[in-house]
Structures are given as C-alpha cells and as structure tokens.
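J.: can you look at this prediction? I've put the sequence above it.
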Amino acid sequence: MQLPREVIVGNGVLKRITEVLQRLDLNGPILIVAGMKSCQIAGKQVSDLLQQNGINVDTILVQKVTRQDILMVEENIRRLKSRALIGIGGGTKIDAAKLSASRQKIPFISVPTTLSHDGIASPLASVKGLDKPYSVMAQAPLAIIADTDIIAQAPWRAVISGCGDAIAKFTAVKDWQLAHEEKEEYYGEYAASLALMSAKLVIENAQLIKPGNDKGLRVLLEALISCGVAMSIAGSSRPCSGSEHLFSHALDMFKFPHAMHGEQCGVGSILSAYLHDTKWKRIRDSLKQIGAPTTAAYLHDTKWKRIRDSLKQIGAPTTARELGVKDEDLIEALRIAAKIRPERYTILHKLKLDYKTCEKAARITGVVS
Ligand SMILES: [Zn+2]
C-alpha cells in the first residue's frame, strides 16, 4: 500500500515545495511535467523556487496524455537522471507525470491546479490511446501540494466536475458491496467508508461550494484526497469507480465533444442510484410477499433524488441536455456501459438492461425528458 507522506493544503502553500523536497531527501535533479497553462500558473514559480535553492530542475511541457507523451517524458527522466517528477496541472498533466514516474520507478509529487477529479491523489492514471478507456494502476503521489490560491483561478466548471466525481462514490461503493455479496469479491470496509465519507462531505457542505469561498474548495480538496487514499488502501479504483464511471467511459466513446469526467459521473450516479433502488425495492417486495421482515432492505435505499438535488445545488448537470448529449445517445451509453469492463461487476451487469429499461430509468430520474 502506497500512501502520500506529505499533504499540504492551503493558501500560498506552493512556496513550501523546496522544504517538502528537502524533507523527502529529493535534492535534484527534478523534472517538472506541466501543460502550457499550468506552467504559467504554477510551473514557472516552482522551477524558480527550486533553482533559487540550488536544486537542479528541468521542465517538460505535455499537451495530451498519449502513449507517445509518456514515452517522451520517460526519455527525459533517463536523460536528466531525474530523482523525482513534479506533475503540475489538472487531470492529464498529473496523470502523465504519475504514469511515467511509476514506469521509471521514481517518486512523483502532485501539484494540482484544478480539482476536476480524484486523480490528484490516486495511484491510478488514465491514458489516451491504450487499449483500456479506464484508468490503469500507476503509483500514489509521495507528496501532494495543493495551493488553494492557484486552484481558485481555475474555471469554476472544474470544481463542479470534482464535486460530481466525489458524489459518484455513493454508487461506486454500492456497486462494490454488490460485487462482494454476489461475486465474493474482496471488499474493504475502511476504503469503502473513506470513499463514502468523501461523497457525504461534499453533499453536506454543498452550500459552501461556491465561487469565492475558500472553505468550499478545501472541503472538495480534502474529499478528493481521501478518495485517492481510499484507492491506495484498496489497491484498485473499486471504492471510487462503479457503474457511474462505466457510464461516463461509454459517453466518452461517442464522437461528440463530451462533458467533463465528474459531470458525467454525477449524472451516471443518479441513474445507478435509481437502478440500485429498484433492485432493493424488488427484494423488499419479494420479502413482503412471503411475510418476511423488510427493514434491512429499506436501509439499502441509495436515494437517487438526494444525489440529483445535491448536484443541482452545486450547479452540476443532471440531465442529458445539460451534458450536451442527445437523449438517445445517453440511453445507449447506459445500455452499453457494462460491456466496457465485464470483470467489474456492478448493478448494470446484474440487471443486464435493454434499451427500453435504460430509457425508463433515464425518464423516471428526469435525466432525459
Ligand atoms: Zn472519477
């Protein structure tokens, strides 16, 4: 199990990067992986700080996270004999740094400039052009330095996406429990509780999550870091990625410009929660029919309406139209989602939905009109 050794969160904490590197005994050479924008926002500052402290540093810019990008970063790690990698940016730049550092067996430090999903602290990375559309195991960051002054400059939509990704843990954990009950899959209570706590934290503090409120950003940041830790403890993305993520990957496969990861997962979570509810209602009705007690079955109600209302409160999309997707494409994505990852048992694998049932779920939940 790999866990971050240092997590520093707050206003202006970027300045502490040298002190963190020194504590971790990483005195260079260091390679910074950033995008054009994240280099201007934070990369340049980090590079200057390290140089002022006599640490040998180079910066490499990446556009996307394709196989070629990873190979190019790895080539630079070897050439510069880098002892650690600092990934600075949103999802893609962090993922590029995470994966190449892991392949070259050197530590990686995460400096997020946006909070659009839980990859900022997780041991998994998602790379375009691999045969799998979902994340692959890489390594957890050795340190996370999250400067809220920098994160606050990112477009608000990224925060909304991050909230969607955190709220989605309700159904990810539900799917994990289902796989444990029906397929005897390993289930880690602690990792599951940590992921659930992150979702609850965001829902309970939804009123704080608004532009200009630093407290709200910290809530989301802490929630996303906990999600990353939950995945490190579980040794997989299981606590944080269930049917709602499969739905999001299915939407990504369509050619239209798609919405952000967390926005899609949020809508996926409404649908998955509804499907979980129908499953438990069915069990409850069967129990009632034979005169058995039904209280336990009620406890499993995931309350899709609460997920939808929380997303609405944060300003996240809750419908196909708000995601910029045609109703029929969204329904089709839900239908094919289970096929993306047959081994990851979820409510979609259990129910084996046809187009009509998917349409019914999407209509009842108001996701399509
Ligand atoms: Zn996610």
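T.: Cool, the structure landed. Given the structure is predicted, the values throughout are model-derived calculations rather than measurements. Numbers count the residues shown, from 1 in each chain.
J.: kindly report the residues of the chain close to the ion.
T.: 117, 165 (Cβ under 5 Å from the ion). All C-beta spots, glycine's among them, are computed from the backbone N, C-alpha and C.
J.: which residues in the chain form strands?
T.: Using DSSP state E, the strands assigned to the chain run over residues 6-10, 30-34, 57-61, 84-89, 108-112, 124-125, 136-137, 143-147.
J.: can you list these in a markdown table and add mean pLDDT, mean neighbour count and distance to residue 49?
T.: A markdown table is the format used below for these (pLDDT from 0 to 100; neighbours: other Cβ atoms under 10 Å; distance: least, Cβ to Cβ, whole Å):
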| stretch | mean pLDDT | mean neighbour count | distance to residue 49 |
| --- | --- | --- | --- |
| strand 6-10 | 94 | 16 | 14 |
| strand 30-34 | 97 | 27 | 11 |
| strand 57-61 | 95 | 18 | 9 |
| strand 84-89 | 96 | 28 | 11 |
| strand 108-112 | 97 | 29 | 11 |
| strand 124-125 | 90 | 25 | 26 |
| strand 136-137 | 84 | 14 | 31 |
| strand 143-147 | 96 | 24 | 11 |
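J.: just tell me which of the ones you listed ends up closest to residue 178.
T.: For residue 178, the closest of the strands of the chain is strand 124-125, at 21.1 Å, according to Cβ to Cβ.
J.: list the contacts of the closest one.
T.: Contact partners of strand 124-125, identified using Cβ atoms under 8 Å, 6 or more residues apart in numbering, comprise 65, 95-96, 98-99, 102, 119, 135-138, 231, 237.
J.: what lines up beside that strand in the sheet?
T.: strand 136-137 (antiparallel) (DSSP bridges).
J.: what residue in the stretch 101-250 of the chain comes nearest to the ion?
T.: Closest contact between the stretch 101-250 of the chain and the ion, by Cβ to the ion, is at residue 165 (4.2 Å).
J.: coming back round to it: looking at the strands of the chain, which is closest to residue 290?
T.: Smallest distance to residue 290 across these (Cβ to Cβ): 43.3 Å, for strand 124-125.
J.: any idea how far the closest one is from the chain center?
T.: On the basis of Cα atoms, centre = their mean, to the nearest Å, strand 124-125 sits 10 Å off its chain's mean C-alpha point.
J.: returning to that earlier point: leaving out chain neighbours, which residue sits closest to the residue of the stretch 101-250 of the chain closest to the ion?
T.: residue 262 (3.6 Å; Cβ to Cβ, 6 or more residues apart in numbering).
J.: now do that neighbour, the pLDDT please.
T.: Per-residue pLDDT puts residue 262 at 96.
J.: show me what contacts it?
T.: Contacts of residue 262 (Cβ under 8 Å, 6+ apart): 116, 117, 160, 161, 162, 163, 164, 165, 166, 168, 316.
J.: mind running it again at 10 Å?
T.: Residues in contact with residue 262 (Cβ atoms under 10 Å, 6 or more residues apart in numbering) are 91, 115-118, 157-168, 224, 248, 269, 311, 316-317.
J.: ok, residue 20 next?
T.: 5, 6, 8, 13, 26, 109, 142, 143, 144, 145.
J.: widest-spaced pair of these?
T.: Pairwise distances among these were taken by Cβ to Cβ; the largest, 17.3 Å, belongs to 13 and 26.
J.: who has more neighbours, these two?
T.: Ranked by neighbour count (other Cβ atoms under 10 Å), residue 13 and residue 26 place residue 26 first, with 20 against 17.
J.: my guess is the more buried one meets residue 56, correct?
T.: No - using Cβ atoms under 10 Å as the test, residue 26 is too far from residue 56 to be in contact (11.2 Å).
J.: now residue 247: closest residue in space, sequence neighbours ignored.
T.: Closest to residue 247 by Cβ to Cβ, 6+ apart is residue 268, at 3.5 Å.
J.: right, and that neighbour touches residue 304 too?
T.: No - using Cβ under 10 Å, residue 268 makes no contact with residue 304, being 11.2 Å away.
J.: more neighbours: which of those two?
T.: residue 268 (30 against 25).
J.: pLDDT wise, what is the more buried one at?
T.: Looking at residue 268, the pLDDT reads 97.
J.: got a list of what it touches?
T.: Contacts of residue 268 (Cβ under 10 Å, 6+ apart): 164, 168, 171-172, 242-251, 330, 333-334, 337, 348, 367.
J.: what of residue 250?
T.: 133, 264, 268, 329-330, 332-340, 348.
J.: please indicate which of the residues you listed are buried?
T.: 133, 264, 268, 329-330, 332-338, 340, 348 (16 or more other Cβ atoms under 10 Å).
J.: inside helices: which ones of the contacts of residue 262?
T.: Among the contacts of residue 262, the members falling in helices (DSSP state H) are 91, 157-167, 224, 248, 269, 311.
J.: ok, back up a step: quick one: closest of the strands of the chain to residue 285.
T.: Taking these one by one with Cβ to Cβ, strand 124-125 is closest: 38.4 Å.
J.: quick revisit: among the contacts of residue 250, name the ones in helices.
T.: Going by DSSP H, the helices hold 264, 268, 329-330, 332-340, 348 from these.
J.: what's the closest of those to residue 209?
T.: Using Cβ to Cβ, the ones in helices among the contacts of residue 250 come closest to residue 209 at residue 264, 18.6 Å.
J.: skipping adjacent residues, who's closest to the residue nearest in space to the middle of the chain in space?
T.: Nearest residue to the geometric centre of the chain (Cα atoms, centre = their mean): residue 118, 3.2 Å. Nearest residue to residue 118, sequence neighbours excluded (Cβ to Cβ, 6+ apart): residue 227, at 3.9 Å.
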